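J.: below: sequence and its predicted model.
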Amino acid sequence: MARSAASSIRRVASLLTPLALALPVMVMAAPGARAVGMPQLDFSNPLVIGQVVWGAVIFLVLYLLLSRSALPKVEAVLTSRRQTIDNDLDIARRAKAEADSAVDELHLARRSAMAEAQANVDKVIEDARLAALRQTQDMNARLATEIHEAETRVAAARTAALGSLRQIADETAQVLVRQVTGTSVPADVVARTVDHAATARGL
Amino acid sequence: MAAGSTIDALGQFELHPVLGGLGEALRFSQSPLMMIVASVAVLAFLYVGMRPKAVVPGRLQAAAEICYDFIHNMAVDTIGPEGRAFFPFVFTLFFFILAGNYLGLLPFSFAFTSHVAVTVALALMVFVLSVIVSLKAQGAKFFAHFMPAGAPVALAPLLVPIEILSFLSRPVSLSIRLFANMVAGHVMLEMFAAFTIMLAGLGLIGDALAVGPVVINVALMALELLVGALQAYVFAILTCIYLREAVAH
């Protein structure tokens, strides 16, 4: 039993080894090989060549079905998945860009609002300052006018006072001269002399 | 099957007409039948798997997409950008062979890849395709490949025949590799299964001993699953390599 198994192995091995080396020869010697017992090399059996013809037809049909129908179906699914993923990524990217630009806009709006508010504050302060300045100037001008008027009035009063002082001085001088000398002096001489004296004293 | 004390390890590869007289007339054996089953299985896998067309795939759809991507990457990475055109061919080749290898592991089934006529036909198809693509892409420059670049001209009488021989041996090695692997695997499974039956005939001790070959066969089945996928992969990747050489300028 073991011997027959061993001889079987040997038989198969002895078949395979030369086969690998000399296939064309084996094919030529196919009828002889039948005696050794490999049904694959029994080329007198029409089924051996028949399966090659059938195999060619079946392989061709399988190839056509796969290349025209089955494989494009798989490819379509793979392509559509790739596109779906790409589209989703695009949408996500676009959404992110929109969000970024919205944030930028927000920052810009905030900055411009701040600048506007600052400008308003500055304007109000400037207005107030100008108004205060104008008020001060008005006040100063009014005060200056009033001071000037008052000075004018003082000067008029002084002039008036000084005018009546000359008259009193003239009369006093005439009276003194008459009482001291007993003679009256002409009024114009008295007046000239008083003038002289007043000028000398800065009156 | 084991008949008496001899093991008929090769009987499993015999072809029988199916469908009675019609099969006999059309030369239709279990081998083409299994080719059809394999083709239908591959097509059903893709059609049923891709039916949901889901953006987030389920298990079967994910498996179909992984298979697509696997062969697509193999074709494009190995052949280059031109590989896109050959991708359906490589896909058909890989899954035709893979399904054939795996179908053969089912009971009452048949591995059509264990027939040298089939593997030679597949290998010749690849070979002829690569030659046609070479001539189309490179023209007469294709024949310059038989003289390795940079080699001394004096060695040409030696090198050119070697290169031609190695080029012509491609379909031979391609077909024999697949055929021999499948035959060897099925012969081993058959023989260890026959051991079990023979040992079982020895009585009580034999019954106990018969467990051994069963255990070995379980391991062999795992090995065959590996070999089946590996051989389909090797066939496909070598096809890609030959096509890359064909399209390379």
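T.: Great, that's in hand.

J.: from chain A, how far out is residue B:205?
T.: Per Cβ to the nearest Cβ, to the nearest Å, residue B:205 is found 14 Å from chain A. Heads up, the C-betas are built off the backbone N, CA and C, glycines and all.

J.: which helix or strand contains that residue?
T.: For residue B:205, the element it lies in under DSSP states H and E is helix B:204-209.

J.: how many neighbours does the closest residue to chain B within chain A have?
T.: Nearest to chain B in chain A, going by Cβ to the nearest Cβ, is residue A:50, at a distance of 2.6 Å. Residue A:50 has 21 neighbours, counted by other Cβ atoms under 10 Å in any protein chain shown.

J.: next: residue A:121.
T.: Residue A:121 has 10 nearby residues by other Cβ under 10 Å.

J.: same thing with residue B:27?
T.: When counting by other Cβ under 10 Å, one arrives at 19 neighbours for residue B:27.

J.: three-state assignment of it?
T.: The three-state label given to residue B:27 by DSSP: H, G, I helix; E, B strand; the rest coil is coil.

J.: leaving out the residues flanking it, which one is nearest to it?
T.: Once flanking residues are discounted, residue B:27 sits nearest to residue A:50: 2.6 Å by Cβ to Cβ, 6 or more residues apart in numbering or on different chains.

J.: which element is the one you found on?
T.: Counting by DSSP H and E, residue A:50 is part of helix A:46-65.

J.: same deal with residue B:193?
T.: Per DSSP H and E: residue B:193 is located in helix B:156-200.

J.: still on that earlier bit, and the residue nearest to residue B:27, how far from residue B:236?
T.: Taking Cβ to Cβ, to the nearest Å as the measure, residue A:50 falls 26 Å from residue B:236.

J.: before we move on, what about residue B:62?
T.: Per Cβ to Cβ, residue B:62 is found 21 Å from residue B:236.

J.: between these two, who's got more neighbours?
T.: residue B:236 (26 against 13).

J.: can you tell me, leaving aside adjacent residues, what's nearest to the more buried one?
T.: Closest to residue B:236 by Cβ to Cβ, 6+ apart is residue B:94, at 4.0 Å.

J.: quick one: the one you found is in a strand?
T.: No: Residue B:94 is assigned helix when assessed by three-state DSSP, not a strand.

J.: mind listing what it touches?
T.: B:71, B:232-233, B:235-236 (Cβ atoms under 8 Å, 6 or more residues apart in numbering or on different chains).

J.: let's have those residues in TSV, adding distance to residue B:192 and pLDDT.
T.: Formatted as TSV, these follow (distance: Cβ to Cβ, whole Å; pLDDT from 0 to 100):
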residue	distance to residue B:192	pLDDT
B:71	34	94
B:232	24	95
B:233	26	95
B:235	26	94
B:236	30	94
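
J.: closest to residue A:98 among those residues?
T.: residue B:71 (42.4 Å; Cβ to Cβ).

J.: returning to what we had before: among the contacts of residue B:94, which lie within helices?
T.: Counting by DSSP state H, the part of these found in helices is B:71, B:232-233, B:235-236.

J.: does chain B sit close to the lengthiest helix in chain A?
T.: Longest helix in chain A by number of residues (criterion: DSSP H): helix A:71-181. Yes: Helix A:71-181 is in contact with chain B by Cβ under 8 Å from any Cβ of the partner chain, via A:71, A:73-78, A:80-81, A:84.

J.: and the contacts of the helix or strand just after that helix?
T.: Where DSSP H and E defines the elements, the next helix or strand beyond helix A:71-181 is helix A:187-200. If you take Cβ under 8 Å, 6+ apart as the criterion, helix A:187-200 is touched by A:166, A:169-170, A:173-174, A:177.

J.: restricted to buried residues, select these in PyMOL.
T.: In PyMOL, this line selects whichever of the contacts of helix A:187-200 come out buried by 16 or more other Cβ atoms under 10 Å in any protein chain shown:
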select buried, chain A and resi 169+170+173+174+177
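
J.: what is the nearest of the contacts of helix A:187-200 to residue B:187?
T.: residue A:166 (167.2 Å).

J.: can you pull the contacts of the residue of chain B found nearest chain A?
T.: Taking Cβ to the nearest Cβ, chain A has its nearest neighbour within chain B at residue B:27, 2.6 Å off. With contacts defined as Cβ under 8 Å, 6+ apart, the neighbours of residue B:27 are A:46-47, A:49-51, A:53-54, B:17.

J.: how about a markdown table for the residues you listed, with distance to residue B:202 added?
T.: Formatted as a markdown table, those follow (distance: Cβ to Cβ, whole Å):
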| residue | distance to residue B:202 |
| --- | --- |
| A:46 | 42 |
| A:47 | 38 |
| A:49 | 43 |
| A:50 | 42 |
| A:51 | 39 |
| A:53 | 47 |
| A:54 | 44 |
| B:17 | 38 |
